[in-house]
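3D model of this:
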Amino acid sequence: MANPSSETLPIRSIEVPPHPQWPTLSDDERTQLRSRIRRLLQAQNAVLVAHYYTDPELQSLAEETGGYVADSLEMARFGTETDAETLVVCGVRFMGETAKILNPEKRVLMPDLRATCSLDEGCPADEFTAFCDAHPDHTVVVYANTSAAVKARADWVVTSSIALPVVEHLAARGEKILWAPDKHLGHYIERVTGAEMLLWNGACVVHEEFKSFALERVRKLHPDAAVLVHPESPDEVVDQADVVGSTTQLIRAVAELPNREFIVATDAGIFWKMRQIAPDKILIPAPTAGEGATCESCAHCPWMAMNALQNLEQVLLTGDQEIRIDPAIRERAVVSIQRMLDFARERGIGRPART
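Model (predicted):
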C-alpha cells in the first residue's frame, strides 16, 4: 500500500520520448566507428564512463578504452579518481551533472543532453523546495536521480546501493526524513528500516511497468529461478523477489547465487554485464506486458537509449553537448553528494571489482 504522504502530492505527467531508431551498422562500419572513437578519446585525454543500462556497445567500449561501467555511485567515484581531463558520461543527465559537480575543473560531455529521467523530470526544483520548506523539521534525502538544483536543496544524496544504510543511520539518530523522488524506493526503505519518512510522489517509467500478476506466471514457468528486483519497482513486484537491490547488487547476485536461472526486474541494459560475469547463467526478463502491450518485456529506458556510438563520436568531434552548472548551485549540491561519498568510504560500501 502506498505511503499516505505521497498520495497528497500531485502526480506529474511525464512526456516519455519514443525509443530512438539508430541505423544498423555493418560489422566493418562498427569496427571503424569504434576505432575512430578510441583515437578521439586518446587525443583529448578523455575517458568514457557508462551506466549499466546503456547499450552494450558503449559498455564494452568503455572497458576496452580504460573507462568504467558502473552504477551511479561508482560512476561518481570514478570521475573523481581518473586523471583524464574530459569525462564522457554515457547515461542520463543527472549522472553528467553529478560528474561536473564533483569535478568542476574537468570538461564533462554527454552524447545527448536531452537524455533525462522521469524521476528527475517529476521533481521540479521550485516545487520540491516549497515542499521542503513546508516541513523544516525533516532531514532532506534525495535519490541521485534528481537535478543539480534539487541536490542543492538536500541534506543527503543517495543512490540505491547506499540508501538503506544512510536512512538507518539517520533513523538511529532520531531524525525524520523527507524523501524524494521515487515513492517505490522510498516506501521499500521505509518498510525495511522502520524510519519515519515523508515521500515525494515520483516513479521510474521503466520499473513502474513491471506487472506482479505476469511475474507470478513467469515464476510458475521457472520455479527454480531466483527473482532479482530493483527497489524502484512497485511493492507487489518487490514482494516476490529473492534479492532486492541496486544494479551492482543484482549483478553480484547472478554471480554468487547457485541458481541457474534468474528472472530480472530492472532495465534490460544490465544483461550485458550479467552475461559477462556469469556466462553460464540463464537470464529471463521480468514481464512488463499489460493490457494492449506490444511486447512481453519493454524494460529499457528511452532516455538511456539516446546514447549510441554515433552520437558519442559526434560529441567528441564537436564538444557541443557539455554539462554546465551554475556555480552557486554546484557549491551547495557538492555538500550533499560528498556527504554520501564520505559515508560510503567510512562504511566500506560499494567499490565492486572492475572487470
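
grab the nearest non-local neighbour of E85.
In this structure, E85 finds its nearest non-sequential neighbour in N45, 4.5 Å apart by Cβ to Cβ, 6 or more residues apart in numbering. For the C-beta atoms, the positions are set from N, CA and C on the backbone; glycine is no exception.

then L250?
L228 (4.6 Å).

surely that neighbour is in a strand?
Yes: if the criterion is DSSP: H, G, I helix; E, B strand; the rest coil, then L228 is within a strand.

which residues does L283 contact?
254, 261-262, 264, 271, 274-275 (Cβ atoms under 8 Å, 6 or more residues apart in numbering).

these in helices, which ones?
254, 271, 274-275 (DSSP state H).

those residues, buried ones only, as a ChimeraX selection?
This is the ChimeraX syntax for the buried subset of those, where burial follows 16 or more other Cβ atoms under 10 Å:
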select :254,271,274
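
from the ones in helices among the contacts of L283, which single one is nearest Y53?
F271 (10.1 Å; Cβ to Cβ).

from E121, how far out is T146?
T146 sits 10 Å away from E121, going by Cβ to Cβ, to the nearest Å.

look at those two and report which has more neighbours.
T146 (29 against 20; other Cβ atoms under 10 Å).

wait, a helix at L48?
No: under three-state DSSP, L48 falls outside any helix and is assigned strand.

that one contacts S60, correct?
No: with contact defined as Cβ atoms under 8 Å, L48 does not reach S60; the gap is 10.4 Å.

flag every buried residue along the helix ranked longest in the chain.
For the chain, the longest helix by residue count, based on DSSP H, is helix 327-347. Buried residues in helix 327-347, counted by 16+ other Cβ under 10 Å: 329-330, 332-334, 336-337, 339-341, 343-344.

likewise stretch 255-267?
259, 262-267.

for stretch 179-199, same thing?
Buried-residue list, stretch 179-199, by 16+ other Cβ under 10 Å: 179-190, 193, 195, 197-199.

now, those residues that are in strands?
179-180, 197-199 (DSSP state E).

could you work out the most separated pair of these?
A180 and M197 (10.3 Å).

list residues touching both of the two?
G186.

what's near enough to touch the residue positioned nearest the centre of the chain?
What sits nearest the mean C-alpha location of the chain, by Cα atoms, centre = their mean, is S72, with 5.6 Å. With contact taken as Cβ under 8 Å, 6+ apart, S72 is in contact with 51, 91, 94-95, 98, 144-145, 159.

repeat the analysis, applying 7 Å as the threshold.
By Cβ atoms under 7 Å, 6 or more residues apart in numbering, S72 lies in contact with 51, 95, 144, 159.

buried ones among these?
Here, 16+ other Cβ under 10 Å leaves 51, 95, 144, 159 buried among those.

G91 is in contact with the first one, correct?
Yes: with contacts defined as Cβ atoms under 7 Å, H51 counts as touching G91 at a distance of 3.9 Å.

if we can go back for a sec, looking at the contacts of L283, spot the one nearest P17.
Nearest member of the contacts of L283 to P17, counting by Cβ to Cβ, is F271, at 22.3 Å.

ramachandran coordinates for the residue nearest to the closest one when sequence neighbours are not counted?
Spatial nearest neighbour of F271, excluding adjacent residues (Cβ to Cβ, 6+ apart): L283 at 5.5 Å. The phi/psi pair for L283 (degrees, to the nearest 10) reads phi -110, psi 130.

quick one, strands of the stretch 201-350 of the chain?
226-229, 243-244, 261-265, 282-285 (DSSP state E, counting those that start in this stretch).

quick revisit: the buried residues of helix 327-347 into TSV, with extra columns for distance to N103?
Converted to TSV, the buried residues of helix 327-347 look like this (distance: Cβ to Cβ, whole Å):
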residue	distance to N103
I329	15
R330	10
R332	17
A333	13
V334	10
S336	16
I337	11
R339	17
M340	16
L341	12
F343	20
A344	17
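
adding distance to H169 and pLDDT, write those out as CSV.
Below are the buried residues of helix 327-347 laid out as CSV (distance: Cβ to Cβ, whole Å; pLDDT from 0 to 100):
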residue, distance to H169, pLDDT
I329, 26, 98
R330, 25, 97
R332, 22, 98
A333, 21, 98
V334, 20, 97
S336, 15, 97
I337, 16, 96
R339, 11, 96
M340, 11, 93
L341, 15, 91
F343, 7, 95
A344, 12, 91
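
pick out the most distant pair among those residues.
I329 and A344 (22.8 Å).

what average pLDDT does stretch 78-88 get?
Mean pLDDT, stretch 78-88: 95.

name the surrounding residues that touch that stretch.
Here stretch 78-88 makes contact (Cβ under 7 Å, 6+ apart) with 44-49, 68, 70, 99, 102-103, 106-109.

done for today, thanks.
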